[in-house]
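Asker: next come a sequence and a model predicted from it.
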Amino acid sequence: MPKRYFSILGACLLLPLLLSCNDGSYDKKDSSSQELYSAILLTQSTQPTSSTASAPTEENLPQPAINTVEMTVGETKYVKILGICKGNLNVNGNDDVAISGNDLVLPSFYLHRVDFTKSTGVSLAALGTFILNVDMPGGGGYDPVSTCETKILENSATIYDIQVKKCAVDKIFGTITPATNTISFRARCTKGL
């Protein structure tokens with residue numbers, strides 16, 4: 001159990017003892033039991049100091065089922081089945097994580113030129129490596145405005161798990177529905193798919 005639960009439990013056990021020790025002077029300003037009781041309550045309500053507090057951790061997006069991508073375009077959420085999690089085995093970094101070629105239901109999801117050898121220092125872009133394209137219903141699509149911070153959550157011999165949060169995107173072409181400028185996604189797939 002965390003120390004915080006022990007201190008709360010301790011205060012709960014001490015409270016009846018303190019109340020039974022009250023000498024009938026509860027209404028008097030000099031009551032030492034009241035002061036002790038107040039001090040215990042104050043220590044329980046204060047937050048840990050910065051030396052003992054841990055830095056807040058950034059939460060990951062929920063883990064999708066294997067071989068799927070959970071994507072949020074603006075405020076609209078989509079789940080797509082991935083059909084590709086490979087390429088030409090890192091020759092020129094041309095590996096892909098994408099929906100299947102026969103999935104014609106929009107939105108689409110394409111992550112081109114994925115370098116499966118990298119687990120850190122990765123950014124999405126419109127050109128280069130780690131290229132993101134999302135085609136939307138009604139025509140048009142999105143790609144990153146500049147670079148977007150990317151987090152590789154797993155890069156094992158068999159699993160690839162990549163996440164991007166609030167990537168600023170712009171129109172590739174045509175009118176976009178829904179009108180938005182951010183995409184978040186987490187894709188998890190079996191390498192070699």
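Answerer: All right, it came through fine.
Asker: who does Lys86 bridge with?
Answerer: Taking DSSP bridges as the rule, Lys86 bridges to Asp96.
Asker: for the longest strand seen in the chain, give the mean pLDDT please.
Answerer: When the chain is parsed with DSSP state E, its longest strand is strand 159-171. Mean pLDDT, strand 159-171: 94.
Asker: just checking: what are the partner strands of it?
Answerer: The pairing partners recorded for strand 159-171 under DSSP bridges are strand 141-144 (antiparallel), strand 148-155 (antiparallel), strand 182-190 (antiparallel).
Asker: ok, which of these comes nearest Gly83?
Answerer: Nearest of these to Gly83, taken as CB to CB: strand 182-190 at 9.2 Å. C-beta coordinates here come from the backbone N, C-alpha and C atoms, glycine included.
Asker: let me see the contact set for Glu154.
Answerer: By CB atoms under 8 Å, 6 or more residues apart in numbering, Glu154 lies in contact with 160-161, 188.
Asker: and the strands in the protein?
Answerer: 68-73, 76-86, 95-99, 110-114, 123-124, 131-135, 141-144, 148-155, 159-171, 182-190.
Asker: now these in CSV, with distance to Pro62?
Answerer: Output for these, formatted as CSV (distance: least, CB to CB, whole Å):
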stretch, distance to Pro62
strand 68-73, 7
strand 76-86, 10
strand 95-99, 18
strand 110-114, 19
strand 123-124, 20
strand 131-135, 19
strand 141-144, 22
strand 148-155, 11
strand 159-171, 10
strand 182-190, 7
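Asker: least reliable of those strands going by mean pLDDT?
Answerer: Least confidently modelled of these is strand 141-144, at a mean of 88 by mean pLDDT.
Asker: can you list contacts of that one?
Answerer: With contacts defined as CB under 8 Å, 6+ apart, strand 141-144 is touched by 73, 107-108, 124-126, 131-136, 167-174, 176, 183.
Asker: got it, and stretch 111-125?
Answerer: With CB under 8 Å, 6+ apart as the test, stretch 111-125 has contacts from 87, 90, 92-98, 128-133, 144, 146-152, 155, 160, 162, 164, 167, 187, 191.
Asker: show me which of those residues are buried.
Answerer: Buried by 16 or more other CB atoms under 10 Å: 87, 93, 95-98, 129-133, 144, 148, 150-152, 155, 160, 162, 164, 167, 187, out of the contacts of stretch 111-125.
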